[in-house]
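[1] All I have is the shape, not the residue letters:
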């Protein structure tokens, strides 16, 4: 169970970005990625500042550089915790009509999985799922994230600024051990996220609950941003 707790924290925080993908669409990818422009800026010097309910502030910066992972090219970003100065590499790309993020499943920066974080023309009620697997302390687990678009063309006021054409998504994170094999996933919590195309992520809310072992409520929202022209 200790392993599942770690996966819930890491994967919920990352997989929750999945938006507007019909079930299984993330597996039907083109053989070549293109720049993520259109979903969020990839221009060097663009940045986004997020404040959380845990008194942390994270700054995401577009480096203007590309990086090859899993044989495909991605726009490379860096997210810095402004207190600890810890830097997390991030990778985004466009693939056909889909926008991808590479998910670091275990924090090693070697075990990545492609997930769809947005796509053109999102529709209310679109559903999707993404699966992956991870090993921790000698145990292997299957991961399942199920989601639905629960809002389109909405408005959201954050820190005094009103955003329009906002897409809201809700994800459910589940996990199960590979040994002993079981068809039943354990519900590890939910995540809601709000996006505005052209800016990217503007708000997130995580409610993680794993039986009586672990619970966490986390929110963050866009405090400020700058998009290079």
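    Nice, I can see it. Predicted, not measured: the structure shown is a model, and the values here were computed from it.

[2] For residue 206, which three-state class applies?
    The three-state label given to residue 206 by DSSP: H, G, I helix; E, B strand; the rest coil is strand.

[3] Provide the partner residues of it in its beta bridges.
    Beta-bridge pairing for residue 206 (DSSP bridges): residue 191, residue 218.

[4] Can you report how many residues neighbour it?
    21 (other C-beta atoms under 10 Å). Using the backbone N, CA and C atoms, a C-beta is placed for each residue, glycine as well.

[5] before we move on, what about residue 157?
    So residue 157, with other C-beta under 10 Å, has 8 neighbours.

[6] Also residue 112?
    18.

[7] and the gap between residue 102 and residue 73?
    From residue 102 across to residue 73, the span is 11 Å (C-beta to C-beta, to the nearest Å).

[8] So between these two, which is more surrounded?
    The neighbour comparison of residue 102 against residue 73 (other C-beta under 10 Å) goes to residue 102, with 21 against 15.

[9] Assess the claim that the more buried one and residue 114 are in contact.
    Yes. At 6.4 Å, residue 102 counts as touching residue 114 under the criterion of C-beta atoms under 8 Å.

[10] Where do the helices of the chain begin and end?
    2-15 (DSSP state H).

[11] what about it, any weak spots by pLDDT?
    1-28, 105-107, 116, 136-137, 210-214 (pLDDT under 70).

[12] try 50
    Low-confidence segments of the chain, defined by pLDDT under 50: 1-27.

[13] Select the longest strand from it.
    strand 139-158 (DSSP state E).

[14] I'd like to know which elements that strand is packed against.
    helix 2-15, strand 127-136, strand 161-177, strand 186-196, strand 200-210 (3 or more C-beta pairs under 8 Å, 6 or more residues apart in numbering; DSSP states H and E).

[15] ok and the last one relative to strand 139-158, angle-wise?
    Computed with axes from the mean of the first three to the mean of the last three C-alpha atoms, to 10 degrees, the direction of strand 200-210 lies at 130 degrees from that of strand 139-158.

[16] again, but for the shortest one
    What separates the directions of strand 127-136 and strand 139-158 is an angle of 130 degrees, with the same axes, to 10 degrees.

[17] about what we covered before: between residue 102 and residue 114, which contacts overlap?
    residue 70 (C-beta atoms under 8 Å, 6 or more residues apart in numbering).

[18] returning to what we had before: show me what counts as buried in the longest strand of the chain.
    141-147, 149, 151-152, 156 (16 or more other C-beta atoms under 10 Å).

[19] And stretch 163-183, by the same measure?
    Buried residues in stretch 163-183 (16+ other C-beta under 10 Å): 163, 166-176.

[20] what are the bridge partners for residue 131, then?
    Beta-bridge partners of residue 131, as defined by DSSP bridges: residue 144.

[21] So it versus residue 75, what's the distance?
    Counting by C-beta to C-beta, the gap from residue 131 to residue 75 is 25 Å.

[22] Please say which of those two ends up with more neighbours.
    Using other C-beta under 10 Å as the criterion, residue 131 and residue 75 rank with residue 75 on top: 25 against 15.

[23] my read: the more buried one touches residue 39, true?
    No. Using C-beta under 8 Å, residue 75 is not in contact with residue 39, being 9.9 Å away.

[24] Identify the contacts common to the two.
    Contacts common to residue 75 and residue 39, judged by C-beta under 8 Å, 6+ apart, are residue 92.

[25] any chance you could read off phi and psi for the residue lying farthest from the centre of the chain?
    What lies farthest from the middle of the chain is residue 180; by C-alpha atoms, centre = their mean that is 29.1 Å. Main-chain torsions, residue 180, degrees, to the nearest 10: phi -70, psi 150.
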